[in-house]
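Visitor: below is the sequence, then the predicted model.
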Amino acid sequence: MGIIAKQINEVEADAAKRKEEVIHIRKHFWDDLKVNMDTFDDYLETIIGMRQQAQDLSVSQSTHRHSYERLSRLKRIQNMPYFGRIDFTEEGTNQTEHIHIGVSTIFDETNENILIYDWRAPISSIYYDYPPGPAEYSTPEGRIRGELEGKWQYNIRNGVIESMFDTSLTIGDEILQEVLGQGSNKHMHSIVATIQKEQNKIIRNVRGRLLIVQGAAGSGKTSAALQRIAYFLYKYRGTLKADQILLFSPNSMFSNYVSHVLPELGEENMQQETFQDYLEHRLGRSFTIEDPYEQLEYLLEATDDPAYRTRKASIPFKASLNFFEAVKRYRETLEFTGMIFKGLKFRGQTIVSSKQVTDFFYNEHSSLHFHNRIDKLKEWLIKEIDKTETREMTKSWVQDEIELLSKDDLQKVYTQLEETEEYHGGSFEFYEKENNVLTRMIVRRKLKPLRRKVEDLQFINMKGLYKELFDDSMRHKLWKEQELPAEWEDICSSTKKMLEEGKLYQEDATPYLLLKELIQGFHSNTSIKHVLVDEAQDYSVFQFEFLKRLFPRAKMTVLGDFNQAIFAHADHYVDFQSLTGLYGESKTEYITLSRSYRSTKQIIEFTRQLVPEGELIEAFEREGEKPTLTRVSDHTKLHEEIGANVKSLQNRGYHTIAIICKSAAESSVAYDTLRILLPNLKLVKKNTDEYVQGVIVIPAYLAKGIEFDAVIIYDASLKIYGEESLRRLFYTACTRAMHHLQIYSVGEPSRFLSNISSGEWVTSKRSVK
Ligand SMILES: Nc1ncnc2c1ncn2[C@@H]1O[C@H](COP(=O)(O)OP(=O)(O)OP(=O)(O)O)[C@@H](O)[C@H]1O
């Protein structure tokens with residue numbers, strides 16, 4: 001610690017000196033420069049001098065930035081310079097090295113020897129991967145083997161070693177216990193001091209093109225994803241920048257929640273985006289797009305009428321592999337017939353009719369590939385617009401418009417002509433030319449929107465083409481009868497109706513965009529090198545196919561949990577098997593995380609009974625109280641109980657308490673009554689940007705990915721959670737609890753609770769401590 005303090009003093013002095021240097025150069029930039037432009041040589045000398053000064057300034061600025069960054073790194077680690085130590089004897093030597101591991105590398109005063117190794121350094125992997133005994137790690141030069149003699153973990157606070165553990169068998173269960181036992185915070189924290197072996201595999205895996213992680217709720221998927229980003233930034237430093245990494249997150253509150261991890265590790269944040277943002281960006285101008293939460297809310301709250309049943313059948317169907325294949329087949333059939341084009345019109349007159357466009361597309365250049373034919377078509381249409389331009393210039397409407405031109409426009413043209421030497425104002429020739437220029441300007445201006453339409457391929461009637469997918473004429477061409485849901489006809493008519501109204505259902509948005517790209521050519525972003533998709537169980541095959549094409553140069557990491565697949569398209573059993581097809585088996589790696597860290601052992605033993613194969617989920621040994629089910633007779637009692645319970649939880653020191661409801665509608669009703677009892681209560685809505693601490697009411701689907709000290713399930717009655725399809729939503733809600741889980745039920749509890757063995761929880765009729 002003394003060395004770090006000393007280094008801080010030195011770097012502080014150096015940074016101050018550099019800063020002064022920069023200020024000095026800026027202040028006296030012109031003083032030291034002789035500006036003389038008399039002769040060409042003087043001019044050259046002045047330019048060279050200026051360049052020299054600018055170069056000096058830039059060097060000073062970069063040295064200052066460097067010292068400043070070093071200073072912030074030293075200050076950041078000053079309180080906890082390292083958290084682990086390994087003693088390692090490399091094969092072929094008999095010298096045991098004592099390796100301290102921390103958040104960043106620290107050199108000694110000579111700047112030659114490493115005092116503390118960065119947790120991402122190759123040798124540090126031994127710390128996470130091996131118990132004492134033979135151990136090895138990879139370096140760019142190959143595998144290094146040796147003997148791990150011992151392993152320790154330190155608990156250092158404010159620069160003072162508070163405790164130290166010999167963690168020969170597992171990494172710091174004691175420290176992990178302590179970390180996990182702490183209260184939740186406004187933001188997620190880094191886990192580098194206690195990364196577990198299976199998590200380390202995810203963080204350091206660089207082999208495949210696609211890494212798929214299936215992990216139980218709370219198993220550290222998001223944490224592993226973020227430390228993986230930090231690992232990439234270390235391993236590929238020099239070639240990879242933070243803005244070349246993109247994390248797809250479920251919503252902006254989640255983005256905010258995870259935004260502190262990388263800065264805590266001394267790295268810049270990656271880019272974050274939601275899939276919905278992307279859809280809005282691409283289709284938002286043509287349609288009003290329903291967002292995924294609106295879709296879910298509709299399904300959670302709508303009554304069981306025919307429209308609801310149609311929608312419920314339509315959503316999983318439109319996200320299915322069958323539909324995906326059908327869209328691709330449909331695009332192939334368009335090679336030969338079926339394209340729908342819009343004709344071009346100018347001032348009410350047809351330039352090219354839609355039939356002429358269709359004929360050109362199918363009859364001219366028919367040997368070319370589909371996209372080349374589209375290009376040819378575009379060229380032809382542009383030529384037709386050129387011809388129209390020439391024709392229109394002689395028309396009388398143009399002269400009428402010239403009369404109406406503003407003074408500014410006329411002045412612009414006049415100046416333009418004056419600047420061209422061959423014209424001399426005042427001559428007859430000049431006026432003639434002036435009129436020509438004005439004529440062209442008017443016609444071009446008027447034709448500009450049409451040209452843009454052609455450039456943007458808007459002459460392809462995309463809406464019509466997508467609608468055609470749902471036309472009766474396509475039924476036998478695209479689908480085998482048994483593939484279609486019973487509600488197919490209703491699905492077709494409701495989809496067409498929405499499109500006509502300029503609206504896109506959430507389930508149509510990606511298929512629509514995919515069809516558009518299959519026809520018009522794919523947009524791609526080649527600058528992104530890594531894409532990470534969190535909560536991946538909520539993405540359909542369409543969306544993954546899309547991401548693959550959108551980021552052709554990127555490696556992909558996909559993290560999710562089937563048991564938390566809450567969106568309606570995941571109505572049936574979901575797995576990530578279909579993803580293997582994206583890049584092929586040889587380029588795909590698959591890792592499973594089965595141990596859950598978020599919740600106490602008692603909460604996990606309870607929640608894992610809510611889902612199939614839950615017995616595979618392991619609990620981390622952290623003791624707490626058993627979850628409680630309290631059955632109350634009515635809502636008045638419910639609110640009284642919750643009010644009293646929240647106060648008691650606050651008295652016990654819990655900072656984040658979430659009252660989780662099934663939907664936004666239920667949340668808003670609960671909030672309206674509960675806020676009278678709990679004045680500081682906050683309601684979280686889908687557009688809430690910041691993860692708010694304190695007591696909140698939140699719909700289960702928005703709580704996904706985040707966690708709370710205590711969770712109160714507002715009403716787990718059979719009436720609210722009656723349908724089997726809500727099981728995963730219910731599981732997701734319960735697994736948000738870190739230390740305390742309290743479930744209420746107004747009347748008979750949901751069947752989800754009936755299979756849970758009585759030893760795992762406490763039931764009470766209406767009692768709260
Ligand atoms: N190795 C670890 N050391 C310390 N804390 C950990 C570790 N792994 C996970 N955690 C903690 O467990 C909690 C859950 O982690 P995280 O949110 O990453 O899990 P998840 O798998 O993404 O969960 P979910 O699927 O439920 O959203 C977080 O508080 C995280 O800090």
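Guide: Thanks, I have the structure now.

Visitor: all contacts plus neighbour counts: C-alpha atoms, from now on.
Guide: Fine.

Visitor: for residue 711, helix, strand, or coil?
Guide: At residue 711 the chain is in strand, as set by DSSP: H, G, I helix; E, B strand; the rest coil.

Visitor: that one: how many residues sit nearby?
Guide: 27 (other C-alpha atoms under 10 Å).

Visitor: verify the contact between it and residue 736 for me.
Guide: Yes - between residue 711 and residue 736 there is a contact under C-alpha atoms under 8 Å: 6.8 Å.

Visitor: which residues touch residue 303?
Guide: If a contact means C-alpha atoms under 8 Å, 6 or more residues apart in numbering, then residue 303 has no contacts.

Visitor: ok, now residue 116?
Guide: Residue 116 touches 81-82, 99-102, 104-107, counting by C-alpha under 8 Å, 6+ apart.

Visitor: count of residues packed around residue 202?
Guide: Neighbours of residue 202 (other C-alpha under 10 Å): 23.

Visitor: look up how far the ligand lies from it.
Guide: 12 Å (C-alpha to the nearest ligand atom, to the nearest Å).

Visitor: next step: the contacts of residue 116 restricted to strands.
Guide: Among the contacts of residue 116, the members found in strands (DSSP state E) are 99-102, 106-107.

Visitor: can you pull out the strands in the stretch 451-600 of the chain?
Guide: Counting by DSSP state E, counting those that start in this stretch, the stretch 451-600 of the chain has strands at residues 503-504, 530-533, 555-560, 588-593, 595-596.

Visitor: okay, those in TSV with mean neighbour count and distance to residue 604 next?
Guide: Converted to TSV, those look like this (neighbours: other C-alpha atoms under 10 Å; distance: least, C-alpha to C-alpha, whole Å):
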stretch	mean neighbour count	distance to residue 604
strand 503-504	22	40
strand 530-533	26	25
strand 555-560	23	18
strand 588-593	18	14
strand 595-596	21	8
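
Visitor: how about a markdown table for those, with mean pLDDT and distance to the ligand added?
Guide: Below are the strands of the stretch 451-600 of the chain laid out as a markdown table (pLDDT from 0 to 100; distance: least, C-alpha to the nearest ligand atom, whole Å):
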| stretch | mean pLDDT | distance to the ligand |
| --- | --- | --- |
| strand 503-504 | 94 | 29 |
| strand 530-533 | 97 | 11 |
| strand 555-560 | 96 | 6 |
| strand 588-593 | 95 | 8 |
| strand 595-596 | 94 | 7 |
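
Visitor: thinking again about what came up before, kindly indicate which of the contacts of residue 116 lies nearest the ligand.
Guide: Minimum distance to the ligand across the contacts of residue 116 is 14.8 Å, recorded for residue 102 (C-alpha to the nearest ligand atom).

Visitor: need the contact list for the closest one.
Guide: Applying C-alpha under 8 Å, 6+ apart, the residues near residue 102 are 80-84, 116-119, 193.

Visitor: likewise residue 144?
Guide: 90-91, 136-138.

Visitor: before we move on, the earlier item: selecting buried members of the contacts of residue 116 in PyMOL, what would you type?
Guide: Filtering the contacts of residue 116 down to the buried ones (16 or more other C-alpha atoms under 10 Å) takes a single PyMOL command:
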select buried, resi 81+82+99+100+101+102+104+105+106+107
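
Visitor: go back to the contacts of residue 116 and keep what's next to the ligand.
Guide: Contacts with the ligand within the contacts of residue 116, counted by C-alpha under 6 Å from any ligand atom: none were found.

Visitor: so where is the stretch 101-250 of the chain shaky, pLDDT-wise?
Guide: Applying pLDDT under 70 to the stretch 101-250 of the chain flags the ranges 169-172, 183-184.
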